[in-house]
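**Student:** sequence and predicted structure are below.
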Amino acid sequence: MPDVIPEDGLVLGLEGTAWNLSAALFGEDLVALHSAPYVPPKGGIHPREAAQHHASMMKEVISRVLAEPERIRAVAFSQGPGLGPSLRTVATAARALSIALGVPLIGVNHCVAHVEIGRWATGFSDPIVLYASGANTQVLGYLNGRYRIFGETLDIGLGNALDKFARSHDLPHPGGPVIEKLARQGEYIELPYTVKGMDLAFSGLVSAAQESTAALEDVCNGLQETAFAMCVEVTERALAHAGKDEVLLVGGVGANARLQEMLGVMCEDRGASFAVPERTFLGDNGAMIAYTGKVMLEHGVTLSLEDSRVRPGYRADEVAITWRTEPGDIFAVGPHEGGVARGAEAVVEIGAEDVVKRRTSKRYRNPGLDQRLIMERTRAEARLIATARRAGVPTPVIRDITADTIVMERVAGEVLKYVTTPENVGLAGEAVGRLHGAGIVHGDLTTSNMIVRDGQCVLIDFGLASTSPEVEARGVDLHVFFQTLESTTENTDELKAAFIEGYAGAFPGADEVLSREHEVELRGRYL
């Protein structure tokens, strides 16, 4: 049976994954919280120096909240992800306290803790979550006992990207707040925009910003507008794909007023609810560890000392969320048979014979960026659909095109996300294999963008497509698709095997691409 915390019982939480050492007590509510952040004298976070700071401040931070040790019922600590030296310092202290107080030890996933304290603080039940911090940028949603990752950064986290730019201009750490202030005084400038399905990348954007000769205020504005628009786009893409109606923003970068504004506008336009916790619970803090530890204790989730090693690469989707018994809603809105449908970036009018796809302006985006993306994506989509079709890839027939609209054949069939059988996913693999064989990467390979018709899988929505001979681009394409399967299906392994069989049968270079996809999957996300 799960442990029951007495009314006067408390859980002590210790957070120290990176820069902030923090301790908190949680009972029915937050009882105490004290933090002692490590502030580097220059540059970014140095792992050993951060760990030394945590060790030197540990006694003071804990003593500030631990006034009544006899009330402690468990000790929770951030087990990962994070910087190894910092994690080990905090874990050592947590083990010692667990032994000294004679109470259970609880290892908490840092990312999951951000989500759980956000749900507690806002009252949201089943949101799509944008988690934006220094080292992590992920879009998550709950399904069947786990937080599934719909999309994430393929290189560095959003906060680290901002810090990297700040260091190059001798701005103080952390870079986000000063960039936000300077951006308000500047004008938008064009910078690289990199979205790959539900994944994104910031390195090219930061490099271009560093090399820009424009006024610093203008560069900060362009950097912030571009990076945040990327994050809001992938969040909207996940929201549209999953059919949920709540969006939650968590993580330290979530304190940025412009990012909050952009997400709020996107949700307002989609009829979804948006919330962000108060600032106390946004950055890394002991309260989120103590609260999540409390919930885990109530459901009997504790650690032995032997199993308490730290996990620097601990991913949110590895955690069994035993304290949530509901399955979570995915695809709550059923297949659309006709009329008007709305995707992440376009309104689609479905007629008897034709489909009219019109890209709509996004109020959350800078107008210049918005118009650029609409024109670029509309032209590229029409061109690459036609090119793919000539290469034997099942695609709709293009009827007409304007600056923001494509008129094409209506594909009468079933959207793959509603019929994800091994047979149908195998057909998808065959279609993607032909596409890659033609030198085209789709850029948004989700089960929403595939229609099963007459023994074929027709690929649609080429808005993020491009021509590329690179193995890396093809590997990322497959990674986006496999990530979609993992976030929305239960028999993922069987479906992946069926896809791979179809893909390899249609594309001679499949082995190399699949190997690269595995490399993409294994790349560290805590950088």
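**Tutor:** Sure thing, it's come through.
**Student:** and the longest helix for the chain?
**Tutor:** For the chain, the longest helix by residue count, based on DSSP state H, is helix 216-242.
**Student:** and it, average pLDDT?
**Tutor:** Helix 216-242 carries an average pLDDT of 96.
**Student:** residues of that helix that come out buried?
**Tutor:** For helix 216-242, a neighbour-count test (16 or more other Cβ atoms under 10 Å) marks 217-242 as buried. Yep, even glycine has a C-beta here, placed from its N, CA and C like the rest.
**Student:** so where is this structure shaky, pLDDT-wise?
**Tutor:** Low-confidence segments of the chain, defined by pLDDT under 70: 1-8, 43, 327-338, 523-527.
**Student:** let me see the domain layout of it.
**Tutor:** 10-116+282-318, 122-279, 339-522 (automatic domain parsing).
**Student:** the first one: end-to-end distance?
**Tutor:** Right, domain 10-116+282-318. Counting by Cα to Cα, to the nearest Å, you get 27 Å between the two ends of domain 10-116+282-318.
**Student:** kindly report the same for the second one.
**Tutor:** Start to finish, the residues bounding domain 122-279 are 12 Å apart (Cα to Cα).
**Student:** Ser35 pairs with what?
**Tutor:** Ser35 forms beta bridges with Ser22, as assigned by DSSP bridges.
**Student:** that one contacts Leu21, doesn't it?
**Tutor:** Yes - between Ser35 and Leu21 there is a contact under Cβ atoms under 8 Å: 6.7 Å.
**Student:** what do the two both touch?
**Tutor:** Val61 (Cβ atoms under 8 Å, 6 or more residues apart in numbering).
**Student:** the two - which one has more neighbours?
**Tutor:** Between Ser35 and Leu21, counting by other Cβ atoms under 10 Å, Leu21 is the more crowded of the two (31 against 20).
**Student:** which residues in the stretch 101-250 of the chain form helices?
**Tutor:** With DSSP state H, counting those that start in this stretch as the criterion, the stretch 101-250 of the chain has helices at 110-122, 158-168, 175-184, 203-211, 216-242.
**Student:** run through the neighbouring helices and strands of the second one.
**Tutor:** Contact here means 3 or more Cβ pairs under 8 Å, 6 or more residues apart in numbering; DSSP states H and E; on that basis helix 158-168 packs against helix 175-184, helix 203-211, helix 216-242.
**Student:** next: the first one.
**Tutor:** Contacts defined by 3+ Cβ pairs under 8 Å, 6+ apart place helix 110-122 against strand 72-80, strand 128-132, strand 137-143, strand 146-152, strand 246-250, helix 286-298.
**Student:** follow-up on the earlier one: quick one: which of the helices of the stretch 101-250 of the chain is nearest Gly13?
**Tutor:** Closest to Gly13 of the helices of the stretch 101-250 of the chain is helix 110-122 (Cβ to Cβ; 8.4 Å).
**Student:** could you give the angle of that closest one to helix 286-298?
**Tutor:** 90 degrees (axes from the mean of the first three to the mean of the last three Cα atoms, to 10 degrees).
**Student:** show me the strands in the stretch 301-450 of the chain, by range?
**Tutor:** 339-342, 346-350, 354-359, 398-401, 405-409, 414-415, 440-441, 450-453 (DSSP state E, counting those that start in this stretch).
**Student:** mind listing what's buried along the fifth one?
**Tutor:** Spelled out, it's strand 405-409. Counting neighbours by 16+ other Cβ under 10 Å, one finds that the buried residues in strand 405-409 are Thr405, Ile406, Val407, Met408.
**Student:** of all these, which comes closest to Leu384?
**Tutor:** Ile406 (11.4 Å).
**Student:** dump the residue contacts of that closest one.
**Tutor:** Val356, Lys357, Thr378, Glu381, Ala382, Ile398, Asp400.
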